[in-house]
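Q: Okay, predicted coordinates and the sequence, questions at the end:
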Amino acid sequence: MNIMAAFSPAFMSCGLSENTVLLQSRPGILVFSRSRQLQYVNRRALELIGSIGQTKTESCSIALPPRLLELRNKIHARLDDRLKADLWEPFEESRGVTECGGRLLLRGFGYPARGASQDSRIVILLELFAEEEKRYQSPATMKVFERQTAGIG
């Protein structure tokens, strides 16, 4: 089951600098409020969600994959437990997702807010697994990446 999440286009990141960064270093970013509302999504997150069979509708809504929602809900429950126990350190939950032939690593972070628990946030990063990343990179980008990892460029 997919859940539709509405968001304002004003909260989408569309920076020009995104084009100059290698794809491998660009995670998709989703930020949720403590009430589980989607507050921010960058363009890369929309691309990666699209790569596993989810789509963006014209009404600025996206269908969030069930595994992403499960991770968000798990982090939310853990965030509630930590707030009740007065634990204020951020924490991380990770999982791999394979859907429609695409493989993603989901890394979710809970950020408890001291004093005003409604200001707590859930941040989820979406990243392609290494072999999937190569498929999305152009040959020119791959050559630049190879030179950088070899210490030449």
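A: Happy to help now that I have it. Computed from a prediction, not measured in an experiment: that's the story for all the values here.
Q: Return the distance of Ala116 relative to Leu30.
A: Distance of Ala116 to Leu30, computed by C-beta to C-beta, to the nearest Å: 22 Å. No exception for glycine: its C-beta is placed from N, CA and C like everyone else's.
Q: Listing request: residues of this protein with sub-threshold pLDDT.
A: Along the chain, the parts satisfying pLDDT under 70 run over 1-25, 52-60, 100-101, 130-153.
Q: still on that earlier bit, neighbour count for Ala116 and Leu30, which is higher?
A: The neighbour comparison of Ala116 against Leu30 (other C-beta atoms under 10 Å) goes to Leu30, with 27 against 8.
Q: show me what contacts that one?
A: Leu30 makes contact with Leu38, Tyr40, Val41, Ala45, Leu68, Val123, Ile124, Leu126 under the criterion C-beta atoms under 8 Å, 6 or more residues apart in numbering.
Q: What sits closest to it if chain neighbours are left out?
A: Ile124 (4.6 Å; C-beta to C-beta, 6 or more residues apart in numbering).
Q: SS state for the one you found?
A: At Ile124 the chain is in strand, as set by DSSP: H, G, I helix; E, B strand; the rest coil.
Q: you'd agree it is up against Gly110?
A: No: with contact defined as C-beta atoms under 8 Å, Ile124 does not count as touching Gly110 (10.2 Å).
Q: Sketch out the strands for this protein, chain order is fine.
A: Applying DSSP state E to the chain gives strands spanning 3-6, 12-13, 28-33, 38-42, 61-64, 91-99, 102-111, 121-128.
Q: List just the one of these that sits closest to Leu79.
A: Nearest of these to Leu79, taken as C-beta to C-beta: strand 102-111 at 4.3 Å.
Q: Now Gln39: closest residue in space that isn't a chain neighbour?
A: Nearest one to Gln39, counting by C-beta to C-beta, 6+ apart, is Val31 at 4.9 Å.
Q: report the longest helix in the chain, please.
A: helix 66-84 (DSSP state H).
Q: what packs against that one?
A: Applying 3 or more C-beta pairs under 8 Å, 6 or more residues apart in numbering; DSSP states H and E, we find helix 66-84 packed against strand 28-33, strand 91-99, strand 102-111, strand 121-128.
Q: Out of the strands of the chain, which is the most enclosed?
A: strand 121-128 (a mean of 22; mean count of other C-beta atoms under 10 Å).
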